[in-house]
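*Asks:* 3D model of this:
(2 chains)
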Amino acid sequence: MREAIIIIMGAVLANNFVLVRFLGICPFLGVSKKLDSAIGMSMAVVFVMVMATAATWPIQNLLLEPNGIGYMQTIVFILVIAALVQLVEIALKKYVPALHKGLGVYLPLITTNCAVLGVTVLNIDEGYGFAQSLLNSFGAGIGFMLAMFLFAGVRGRIEANDYPESFKGIASTLIAASILSLSFMGFSGMIDGIFGM
Amino acid sequence: MKDNKLSILTNGLIKENPVLVLILGTCPALAVSTQAINGLGMGLSATIVLVFSNIFISSLKRIIPDKVRIPCYIVVIATFVTIVQLLLKAYFPDLDKALGIFIPLIVVNCIILGRAEMFANKNSVVNSALDGIGMGIGFTLALTAMACIRELLGSGSIFGIAVTANVIDPMSIFVLAPGGFFTFGVLIALVNKITKGKAREKAKNGCAACPAAAACQQAKEGGCQ
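*Replies:* Modelled structure (predicted):
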């Protein structure tokens, strides 16, 4: 239980995927403009991250490693993720149309979201077990959601202000992300502090 | 004709620099630009993948069926990424360690898939190779420039050679995550200032370069920004 909390808190706060690890920056900058689309996108990311980990972890550890073809990881993982996203989209469309309406538009974008491929590769690199990998992916997804959610609010306020013309658009967004990232650095010692590691 | 080839080659360097003007490939740009050597290594690795995938996709453009083109592109790109990954592991183990997860993530770098979709599947093999080289060098230049700034301010050195380290205390915040966002933001503002806002207009059209644009609600509503 203690370990589970450490993994999740690490993935959500101390090693936040967007603000500390720099993964998934494109959707973070692109979709975080409106709160509802930010939430929709992050829900889809959490969902696909956990599903992708559930699919890729057994493939790496039961199929690729025992056969000595661990180097095929990149090709196999991206194909599995692409196929999985397609399948999820088809399944949602058929069986849960309400959810598809909410998440559907974001699903195709997720194939090329580096956070998803990133989390599956990181789980292998860190040597996590199956359950730990799932927890880490869930935490990473929630961390992504937290960053998107916080940032959608920040961006709404920035746009209403008057600041130098050159900084309009993406530049001001990045400066704001820098300040948000600064505040997340405060979490880096927190887990060690709480759990006395 | 010669002019045309030259403009294809130089297009990616400054006018349509993938990182600073089109705002693509932001993840590796932010993550590996902590040291100049990492920025250069990442840029060159991505350039190799970009050039070869452009050549392959351009020469296969008549064979690949339109409906499954994106998965086909991904397979081609992933193959070259794996080759680069193995080469780095064998010959540049330090660089491989420093870049870590961002080497496999070249697969999902929007620049490479974007050039495949926007350029390579419409143009000849030679032009696609030139486009790949130009865009790749543009990416490398942007990454190296950003990395030099961050390394100079954050560690007081450039390419590992101490410059101001003994004179001024380095501000280590610049090699950490917030410094990355900050440096990138200021650089983009600078580009906006120099181009008088033209760069920002191009970034808005950046969605055209995104392979998911057809399915993206944001693209239909007038761009990601």
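*Asks:* could you use CA atoms for every contact and neighbour count after this?
*Replies:* Will do.
*Asks:* geometric centre of chain B: which residue is closest?
*Replies:* Taking Cα atoms, centre = their mean, the centroid of chain B lies closest to residue B:139, which sits 4.0 Å from it.
*Asks:* okay, it: pLDDT?
*Replies:* Note on residue B:139: pLDDT of 93.
*Asks:* next, it: phi, psi?
*Replies:* Here is the backbone geometry of residue B:139 (degrees, to the nearest 10): phi -60, psi -50.
*Asks:* now stretch B:63-82, how far from the centre of its chain.
*Replies:* Here stretch B:63-82 is found 19 Å from its chain centre; the criterion is Cα atoms, centre = their mean, to the nearest Å.
*Asks:* name the residues of that stretch that are buried.
*Replies:* Neighbour counts over stretch B:63-82 (16 or more other Cα atoms under 10 Å in any protein chain shown) mark B:69-70, B:72-82 as buried.
*Asks:* and for that stretch, what's in contact with it?
*Replies:* A:71-72, A:74-75, A:78-79, A:82, B:49-50, B:52-53, B:56-57, B:103-104, B:106-107, B:112-113, B:116, B:211 (Cα atoms under 8 Å, 6 or more residues apart in numbering or on different chains).
*Asks:* which among those end up buried?
*Replies:* For the contacts of stretch B:63-82, a burial check counting by 16+ other Cα under 10 Å picks out A:74-75, A:78-79, A:82, B:49-50, B:52-53, B:56-57, B:103-104, B:106-107, B:112-113, B:116, B:211.
*Asks:* picking that back up, right, and the residue nearest to the centre of chain B touches residue B:16 too?
*Replies:* No. Applying Cα atoms under 8 Å as the test, residue B:139 and residue B:16 come out as separate, 10.2 Å apart.
*Asks:* count the neighbours of residue A:151 for me.
*Replies:* Residue A:151 has 23 neighbours, counted by other Cα atoms under 10 Å in any protein chain shown.
*Asks:* state the distance from it to residue B:16.
*Replies:* Noted for residue A:151: a distance of 28 Å to residue B:16, by Cα to Cα, to the nearest Å.
*Asks:* cool, and residue B:76?
*Replies:* Where residue B:16 is concerned, residue B:76 sits at a distance of 24 Å (Cα to Cα).
*Asks:* likewise for residue A:11?
*Replies:* 36 Å.
*Asks:* neighbour count for those two, which is higher?
*Replies:* residue A:11 (23 against 19).
*Asks:* distance from the host helix or strand of residue B:77 to the middle of the chain?
*Replies:* Here residue B:77, judged by DSSP states H and E, is contained in helix B:69-91. With Cα atoms, centre = their mean as the basis, helix B:69-91 stands 16 Å off its chain's centre.
*Asks:* likewise stretch B:178-193?
*Replies:* That offset, for stretch B:178-193, works out to 16 Å (Cα atoms, centre = their mean).
*Asks:* same check on stretch A:167-186?
*Replies:* 18 Å.
*Asks:* ok, now stretch A:155-164?
*Replies:* On Cα atoms, centre = their mean, the centre of stretch A:155-164 falls 27 Å from the chain's centre.
*Asks:* check stretch B:146-165 too.
*Replies:* The mean C-alpha position of stretch B:146-165 is separated from the chain mean by 21 Å, Cα atoms, centre = their mean.
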